[in-house]
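>>> Sequence first, predicted coordinates after that:
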Amino acid sequence: KQEVTQIPAALSVPEGENLVLNCSFTDSAIYNLQWFRQDPGKGLTSLLLIQSSQREQTSGRLNASLDKSSGRSTLYIAASQPGDSATYLCAVGDGNKLVFGAGTILRVKS
Amino acid sequence: GAVVSQHPSWVICKSGTSVKIECRSLDFQATTMFWYRQFPKQSLMLMATSNEGSKATYEQGVEKDKFLINHASLTLSTLTVTSAHPEDSSFYICSARAGQGFTFYYEQYFGPGTRLTVT
């Protein structure tokens, strides 16, 4: 059974810092990995989707990497802003379903 | 593109009553829809997967007679919580996926969620 772990559970940083969120998964036989953002009481916003054949994806200040063999992914946020404050969820796709991690709660202080 | 809506966005119902939540794909045909539940400060847990015109497949531990899922068209799926109890209070999120056959690489598009409170 696939298990997804996210570290740290919570993170508080001053504005402008670069930061890294970590995601690990137990079964490397995945088809894709996706990073989402969730604001309090809201639904999910897809940030980046990495196919299993890819090593990384970039969108603006966000960069996500995938190391399938080691079961790890990282989300790099450059020059963090208060508007980045949210919960970040990592989800692994097995070809049919997504399995979510518990998330990292990020707070960027101005 | 790829917009998914849910209705209602929040609902309060009394214990013992039933409540229906709608999930619609607005600009694409969704072969498959997924229903997730999220308890406070927890992650999303998949409840069931539904393919248009077929019976839903429920995850282990999810009562199919309590959470009725219908996916009668390519743009609409409904989740009915029957005989709701306070422990069913949660945030319910649906997602939709286009494509047929090998859909491994098709992305799921998520709705905004429905907050259910059972009193």
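Ah, there it is. Residues are numbered from 1 along each chain as shown, chains lettered A, B, ... in the order given.

>>> CA only for contacts and neighbour counts going forward, please
Fine.

>>> Let me see the mean pLDDT of stretch B:67-77.
The average pLDDT for stretch B:67-77 rounds to 92.

>>> residues making contact with stretch A:60-78?
Residues outside stretch A:60-78 that contact it (Cα atoms under 8 Å, 6 or more residues apart in numbering or on different chains) are A:16-30, A:33, A:35, A:48, A:50, A:52, A:54-58, A:79.

>>> same question, stretch B:38-57
Stretch B:38-57 has contacts (Cα under 8 Å, 6+ apart) with A:89, A:98-103, B:30-37, B:58-59, B:62, B:69-74, B:90-93.

>>> ok, and for it, which residues are buried?
Within stretch B:38-57, the residues that qualify as buried are B:38, B:43-52, B:56, counting by 16 or more other Cα atoms under 10 Å in any protein chain shown.

>>> from those, which two are the most distant?
Maximum pairwise distance in these, criterion Cα to Cα, is 26.3 Å, between B:43 and B:52.

>>> residue contacts, the spatially closest residue to residue B:9 that is not a sequence neighbour?
The shortest distance from residue B:9 to any non-neighbouring residue, by Cα to Cα, 6 or more residues apart in numbering or on different chains, is to residue B:114 (4.4 Å). Taking Cα under 8 Å, 6+ apart, we find residue B:114 in contact with B:6-11, B:21, B:91-93.

>>> and what of residue A:44?
With contact taken as Cα under 8 Å, 6+ apart, residue A:44 is in contact with A:36-38, B:110-112.

>>> Make TSV from those and add distance to residue A:94, neighbour count and pLDDT to it.
Shown next, in TSV, are the contacts of residue A:44 (distance: Cα to Cα, whole Å; neighbours: other Cα atoms under 10 Å in any protein chain shown; pLDDT from 0 to 100):
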residue	distance to residue A:94	neighbour count	pLDDT
A:36	17	19	96
A:37	20	22	96
A:38	22	18	94
B:110	17	26	92
B:111	21	25	94
B:112	23	24	94
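
>>> Which of those residues fall within strands?
Judged by DSSP state E, the contacts of residue A:44 include A:36-38, B:110 as members of strands.

>>> how about low-confidence regions in the chain?
By default, I'm working from chain A. Within chain A, not a single segment meets pLDDT under 70.

>>> Switch to chain B, please.
Across chain B, the ranges flagged by pLDDT under 70 are B:1, B:99-106.

>>> element containing residue B:48?
Here residue B:48 sits within strand B:44-51, counting by DSSP states H and E.

>>> helix or strand right after that strand?
Heading C-terminal from strand B:44-51 (DSSP H and E), you reach strand B:57-58.

>>> Give me the buried positions along the helix or strand that that following strand is followed by.
From strand B:57-58 onward toward the C-terminus, using DSSP H and E, the following helix or strand is strand B:67-73. By 16+ other Cα under 10 Å, the buried positions in strand B:67-73 come out as B:67-71.

>>> Who is the residue nearest the centre of chain B paired with across the strands?
For chain B, the residue nearest the mean C-alpha position is residue B:35 (3.2 Å; Cα atoms, centre = their mean). Counting by DSSP bridges, residue B:35 forms beta bridges with residue B:48, residue B:94.

>>> Chain A: helices as residue ranges?
Assigned by DSSP state H, chain A shows no helices.

>>> All the strands of it, residue numbers only.
Remark: strands assigned in chain A by DSSP E are A:4-7, A:10-14, A:19-25, A:32-38, A:44-51, A:56-59, A:62-67, A:72-77, A:86-93, A:98-100, A:104-109.
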